[in-house]
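**Q** curious how this folds, go ahead:
(chains A and B)
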Amino acid sequence: MTLIRFTAIAAFVIAAALAVAVEVAARREHSRIPTLASICGFVMQYRAGRMPVGRIAIYGFWWWLGWHFFAR
Amino acid sequence: MDMDPHAELTADAVNDDAPPWDRLLITLPSFAVLAMIGGLFKSYSDTANVYVLILGGIMMWLGLAEKPARRASPSRLGRGGMWWLLPAGVFLVVEVVNFALGSTYNHPTLSILLSDPLEHYSVRTLSYFAWLSAFWGLVRR
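**A** Model (predicted):
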């Protein structure tokens, strides 16, 4: 493994570790940080008229992610 | 963005008439079976495409039709939400830089990095299970 590839992988690991750290901090009692699920729930409430735009966007993104990794 | 996210929860979308199958004891084993089936299909195959499109379509339909019971969500986010920009920003920078550099062995994007592990049945099945469970979590939000 080259050093530059190792650095790229390490950067992804750091991003994942940061996400875990923020989620853990959000789950502490009286935390003012929302959990990732709360953020998703907040975004999914967004509507344009009767159209649940936020919900469609989040579902669509997750659907695409599954297709991207499992089918493409 | 100025309130405690846990302080204000809306219950407007909560569905009290959840179907009888909307229980963890039923959904999680179902996802396990679906993941074990999904793990059998190789990437780039027609079956893999059809399978993930059907599963995603069903999940999307369930979510938009408001079938399962939903958890309440915050009506406002506090400033603490800004903390999420940190991991998201790091990830985006790494992904975009690697993509711009050609998405090669030395500069892998996440999908390049995960393509080899996802060839293994166990990793693929576990990932499928995680994807389905997270999708279900979103449907219930």
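
**Q** which residue does chain A bring closest to chain B?
**A** Closest contact between chain A and chain B, by C-beta to the nearest C-beta, is at residue A:41 (2.9 Å). In short, each C-beta sits where N, CA and C put it, glycine included.

**Q** what pLDDT does the model give the spatially most central residue of chain A?
**A** Nearest residue to the geometric centre of chain A (C-alpha atoms, centre = their mean): residue A:36, 6.7 Å. Model confidence at residue A:36, expressed as pLDDT, equals 96.

**Q** hmm, it is touching residue A:20, no?
**A** No: using C-beta atoms under 8 Å, residue A:36 makes no contact with residue A:20, being 10.2 Å away.

**Q** can you list the domains in chain A?
**A** What automatic domain parsing lists as the domains of chain A is A:1-32, A:34-72.

**Q** could you dump stretch A:42-58 to PDB, C-alpha only?
**A** Extracted C-alpha coordinates of stretch A:42-58, given in PDB (Å, rounded to 0.1, in the frame of the first residue of the first chain):
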ATOM      1  CA  PHE A  42     -36.200  17.400  10.600                       C
ATOM      2  CA  VAL A  43     -35.300  17.400   6.900                       C
ATOM      3  CA  MET A  44     -38.100  14.900   6.100                       C
ATOM      4  CA  GLN A  45     -40.700  17.200   7.500                       C
ATOM      5  CA  TYR A  46     -40.000  19.800   4.700                       C
ATOM      6  CA  ARG A  47     -42.900  20.000   2.300                       C
ATOM      7  CA  ALA A  48     -43.600  22.100  -0.800                       C
ATOM      8  CA  GLY A  49     -47.400  22.400  -0.700                       C
ATOM      9  CA  ARG A  50     -48.600  18.900  -0.200                       C
ATOM     10  CA  MET A  51     -45.500  17.400  -1.700                       C
ATOM     11  CA  PRO A  52     -43.200  15.800   0.900                       C
ATOM     12  CA  VAL A  53     -40.000  17.000  -0.800                       C
ATOM     13  CA  GLY A  54     -37.700  16.400   2.200                       C
ATOM     14  CA  ARG A  55     -39.000  12.800   2.600                       C
ATOM     15  CA  ILE A  56     -38.600  12.100  -1.100                       C
ATOM     16  CA  ALA A  57     -35.100  13.500  -1.100                       C
ATOM     17  CA  ILE A  58     -33.900  11.500   1.800                       C
END
